[in-house]
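K.L.:
Predicted model and sequence follow; I will ask about them next.
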Amino acid sequence: MLTFKKGLAVFVIILVGVCSVYAQGNDWIYWQKKFFKINADNADNYKTAYLWIKQEPHIKEVRVTGTLPDYPGVKISDYKNRNVERCITCHDGISTVSPSHPPEFGCTVCHGGEPESIDKDQAHATLIYDPQAGTGKRNPSSLSVVEQSCGQIYCHSGHVREDRNHIKRLNKSMMNTLAGVISGLRYQWAGQNKKTARYATKAIQDKDGKIPRKWGALEKLDLLPYFSSLDITESNKNTIYPISKHPSDRILRRQCFQCHIDSPPPPGEYRSQGCAACHFTYSKNGLYEGNDPTISKTEPGHSMFHKLQVLPERKLCVQCHKGFSIQPLGNQPSPLKDIESNIIFENERAINKIEVQKKTEELLPENPVTATEQPQINQDFPSKILLEATSPEKEMTKIETNEQEELSLFPRNGNTQGLCAYG
């Protein structure tokens, strides 16, 4: 009997502890006190630390007074019909996402939710979320839910100028459909007899009018077939999908689709999905480094900061674009194929420039084959070739000068891209 009472007492203590922790996580006072303590611990002097410690928790509000710069008559508060938001009562310390998305825009226009509530469960009950895809909430830019956030009219959709309708263009771009990667591999592996794209990561059709085929635009792309019925996930077993029995389709789904812009990263790597895949930066360990007390700094899978980068740094791009090297004609592989790419941009420090140069010179053969002088195989084969390549730096500059339509990554006038990028 005594043993039973002891066991019951231990159970009650554990239950109370669990309930206490759960209550703390839902209590706005808990998060504010945590925020005050973090700032007190990081204070430069005793006086500042004392002022933080002495602060009393209180409900904080943001007035949603913002309007769209290009449409002054459009009020941000009209999107969700909320004029006041209390999100920062708990999320105090979170950084402004970007100058073009100021605090007076509020949070719910992008994230959804019930902004007037200070109860966690109630406030988060209507966050933008796709339960089938498991995306949304922390990242409302995922393509399965983006129409409810970034893709709202007059934000990044609904403009007269097609080049400003970023969501429509992104959905039809090669970065989303992977049409070039798919058609390239299938053509090389005899899965199709032409390089023109047939398939994409999902079925897509161009319904907005004229299709300029001279630019490589296509009317539609079908969903890439599965290699076998065994490759179809349990959640999709009740849907009929095409089966190809071609090994390239299994390779594409298991490996290449990891770099699809709306796919989760491979194990051990950290990046986001949808628009945030390019515009939010993650550290190598996937830990948060900002000041929002509600975001764990020990749980991997968070962006470094709640900060949107208009022009991504190169280190972010090469998370996916890393299997590329220029190789001269012939069977001899490039002598630089195993050297990490170290192109230096103006916005990056050339810390190891000299070391990289020395490493490159050591690995080069004594009489290297240059890009402009190739070994002459026979009289019919030219001994000189011209390699024309546009550097990533120049391509990024085009984005800065509002010439996105010149990039091959995004379709002009919102058309579906389809021509394979392989020669």
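P.N.:
Right, received. Where do you want to start? What you see is a predicted model; the values in this text were computed from it and never measured.
K.L.:
So what's the residue count around the nearest residue to residue 53 once chain neighbours are set aside?
P.N.:
In this structure, residue 53 finds its nearest non-sequential neighbour in residue 40, 5.0 Å apart by CB to CB, 6 or more residues apart in numbering. C-beta here means a position set from N, CA and C on the backbone, and glycine is covered the same way. Using other CB atoms under 10 Å, residue 40 has 17 other residues around it.
K.L.:
Low-confidence ranges, the stretch 201-350 of the chain, go.
P.N.:
323-350 (pLDDT under 70).
K.L.:
could you pull out the strands for it?
P.N.:
204-205, 217-218, 220-223 (DSSP state E, counting those that start in this stretch).
K.L.:
most neighbours per residue, which of the ones you listed?
P.N.:
Burial of those is given as mean neighbour count (mean count of other CB atoms under 10 Å); strand 217-218 ranks first at a mean of 22.
K.L.:
Pull up the pairing partners for that strand, direction included.
P.N.:
strand 416-417 (antiparallel) (DSSP bridges).
K.L.:
picking up where we left off before, could you export the strands of the stretch 201-350 of the chain as a markdown table, including distance to residue 115?
P.N.:
Formatted as a markdown table, those follow (distance: least, CB to CB, whole Å):
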| stretch | distance to residue 115 |
| --- | --- |
| strand 204-205 | 34 |
| strand 217-218 | 41 |
| strand 220-223 | 38 |
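K.L.:
wait, which of those is closest to residue 293?
P.N.:
Minimum separation from residue 293 across the strands of the stretch 201-350 of the chain (CB to CB) falls at strand 204-205, 41.6 Å.
K.L.:
Can you give the strand pairings for that closest one, parallel or anti for each?
P.N.:
strand 220-223 (antiparallel).
K.L.:
And the contacts of the partner strand?
P.N.:
177, 179, 197-206, 241-242, 416, 418 (CB atoms under 8 Å, 6 or more residues apart in numbering).
K.L.:
and which of these is nearest to residue 48?
P.N.:
For the contacts of strand 220-223, the nearest to residue 48 is residue 201 (51.5 Å; CB to CB).
K.L.:
Just to check, the residue nearest to residue 53 is in contact with residue 52?
P.N.:
Yes: using CB atoms under 8 Å, residue 40 makes contact with residue 52 at a distance of 3.9 Å.
K.L.:
Give the helix, strand or coil label for the residue nearest to residue 53.
P.N.:
Put simply, residue 40 is helix when judged by DSSP: H, G, I helix; E, B strand; the rest coil.
K.L.:
who touches it in this structure?
P.N.:
Contacts of residue 40 by CB under 8 Å, 6+ apart are 48-50, 52-53.
K.L.:
any idea how far residue 89 is from it?
P.N.:
Distance, residue 40 to residue 89, using CB to CB, to the nearest Å: 19 Å.
K.L.:
Tell me how far residue 239 lies from residue 232.
P.N.:
8 Å.
K.L.:
Neighbour count for the two, which is higher?
P.N.:
residue 232 (16 against 7).
K.L.:
So that one is in contact with residue 240, correct?
P.N.:
No: contact criterion CB under 8 Å: residue 232 and residue 240 do not qualify, at 9.8 Å.
K.L.:
coming back round to it: what's the most distant pair in the contacts of strand 220-223?
P.N.:
Once CB to CB is applied, the contacts of strand 220-223 give 206 and 241 as the farthest pair, at 22.2 Å.
K.L.:
Name the residue in these two with the higher neighbour count.
P.N.:
Taking other CB under 10 Å, residue 206 and residue 241 do not tie; residue 206 has more neighbours (19 against 13).
K.L.:
right, and that one touches residue 172 too?
P.N.:
Yes: using CB under 8 Å, residue 206 is in contact with residue 172, at 6.9 Å.
K.L.:
In stretch 291-300, which residues are buried?
P.N.:
For stretch 291-300, burial by neighbour count (16 or more other CB atoms under 10 Å) applies to 291-295.
K.L.:
What pLDDT does the model give the closest residue to residue 105 other than its chain neighbours?
P.N.:
In this structure, residue 105 finds its nearest non-sequential neighbour in residue 66, 4.4 Å apart by CB to CB, 6+ apart. Residue 66 carries a pLDDT value of 96.
K.L.:
mind listing the strands for the stretch 1-150 of the chain?
P.N.:
62-63, 67-68, 71-75, 84-85, 129-130, 135-136.
K.L.:
which of the ones you listed is buried the deepest?
P.N.:
strand 135-136 (a mean of 22).
K.L.:
Give the rounded mean pLDDT of it.
P.N.:
Strand 135-136 comes out at a mean pLDDT of 80.
K.L.:
got the contact list for that strand?
P.N.:
By CB under 8 Å, 6+ apart, the residues outside strand 135-136 that reach it are 127-130, 142, 144-145, 262, 273-274.
K.L.:
Mind listing the strands it pairs with, and their directions?
P.N.:
Here, using DSSP bridges, strand 135-136 pairs with strand 129-130 (antiparallel).
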